[in-house]
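**Student:** pasted the sequence and its predicted model underneath.
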Amino acid sequence: TGLIKHFPITKGLLKRQVGAVKAVDGLDFDVRSGETLGVVGESGCGKSTMGRLITRLLEPSGGKVEFEGRDITHLGTGAMRPMRRDVQMIFQDPYSSLNPRHTVGAIVSAPFKLQGVRPEGGVKKEVQRLLEVVGLNPEHYNRYPHEFSGGQRQRIGIARALALKPKLVVADEPVSALDVSIQAQVVNLLDDLQAELGLTYVIIAHDLSVIRHVSDRIAVMYLGKIVELTDRKSLYETPMHPYTKALLSAVPVPDPRRKKERERILLQGDVPSPISPPAGCRFHTRCWKATEVCKTKEPPLLALRTGHQVACHHPENASDIRLPSGSADQ
Ligand code: SF4
Ligand code: MG
């Protein structure tokens, strides 16, 4: 609730705080048990920060993180310990997130040591079982990461994340470092594991192509804010935020007859600096629908339809919706 993460920027020897990067600014969202929440946005939008806040790898500057109804924002290391089992993270880069000097067996069994857990049947047997679960040869537990391909390495990272039987798995761009041909396999593996193990996922991605098939709901982020949050179908069929529309236009459409309906929208300009985000709607410097009000008034994230939240003064696909009073179109 109201999650905020400001990174202080320090300069020179005195480490004076000279500003704050508003990586995540007042995020408000929930993750539902058993669902996959996709989080999408360009690099620098704060989505990785958000993932690290949920898993408590980062301390928020403000706001609150709750897990199963419990406020875990300020739990100390000791109290966080059991929580660490329930919430696990899969990282973007399977090359740098696995220690090259450790065998796969050591990597996958590390969580047991950290948490002092003794799996039934012994560590080795459990590691081999986990390798099998993620589609690797259990006999390869004595090999080193460099003996595996990128896709296989990400499977090792997944096996490690699953070791302690977590409830929530946050995957930060789990396939963006992999060949396109391998991406679908790894995403499908995550999907299968979810069904089998009853996992809840937050999957972070920089475009909509990877997460479109596996997400139940999708949050679109721009400069530290959620600008749209809804179920997958509504997002693809009736996107309401112009930024979402632009992101969708970049996803290749397999059916050529539908190409026309989805004209490619090329966004002008770069993502502005998160140190001093634009006033009003943060997207106004790149939005083709921007009006005067967009430059001064920040649009709140509102449920314009049931289960469809959007932060925009002039939403798309909204001809049937009466915007709340005080909104732009009056
Ligand atoms: Fe564009 Fe204005 Fe909507 Fe922001 S509020 S997305 S600038 S139309
Ligand atoms: Mg990232």
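**Tutor:** Yes, it's here. Ligands and ions are numbered 1, 2, ... in the order given.

**Student:** mind checking how far residue 66 is from ligand 1?
**Tutor:** From residue 66 across to ligand 1, the span is 29 Å (CB to the nearest ligand atom, to the nearest Å). Bear in mind the C-beta positions are built from the backbone N, C-alpha and C, glycine included.

**Student:** flag every buried residue along the strand or helix carrying residue 109.
**Tutor:** Residue 109 belongs to helix 104-115 when assigned by DSSP states H and E. Residues of helix 104-115 classed as buried: 104-105, 107-109, 111-112 (neighbour count, 16 or more other CB atoms under 10 Å).

**Student:** after it, next one along is what?
**Tutor:** Next element after helix 104-115 (DSSP H and E): helix 123-133.

**Student:** could you check the angle that next one makes with helix 104-115?
**Tutor:** Counting by axes from the mean of the first three to the mean of the last three CA atoms, to 10 degrees, helix 123-133 lies at 120 degrees to helix 104-115.

**Student:** list just the nearest of the buried residues of helix 104-115 to residue 77.
**Tutor:** Nearest to residue 77 among those is residue 111, at 15.8 Å by CB to CB.

**Student:** in space, what's closest to that closest one - neighbours in sequence excluded?
**Tutor:** Nearest residue to residue 111 in three dimensions, chain neighbours excluded: residue 163, at 4.3 Å (CB to CB, 6 or more residues apart in numbering).

**Student:** backbone phi and psi for the one you found, please?
**Tutor:** phi -50, psi -40 (degrees, to the nearest 10).

**Student:** quick one: which of the buried residues of helix 104-115 is nearest to residue 283?
**Tutor:** For the buried residues of helix 104-115, the nearest to residue 283 is residue 111 (40.0 Å; CB to CB).

**Student:** for the closest one, give me its contacts.
**Tutor:** 85, 117, 160, 163-164 (CB atoms under 8 Å, 6 or more residues apart in numbering).

**Student:** likewise residue 159?
**Tutor:** Neighbours of residue 159 in contact, by CB under 8 Å, 6+ apart: 108, 127, 130-131, 133-134, 136.

**Student:** what does this protein have sitting close to ligand 1?
**Tutor:** 241-242, 281, 283-284, 287, 289-290, 294, 299, 312-314 (CB under 6 Å from any ligand atom).

**Student:** kindly recompute the last result at 5 Å.
**Tutor:** Within the chain, the positions near ligand 1 by CB under 5 Å from any ligand atom are 242, 281, 283-284, 287, 289-290, 294, 299, 312-314.

**Student:** and for residue 300, the neighbour number?
**Tutor:** Around residue 300 there are 12 other residues, counting by other CB atoms under 10 Å.

**Student:** the chain should start at 126 in everything you say after this.
**Tutor:** Got it, the first residue is 126 from now on, which makes the last one we talked about residue 425.
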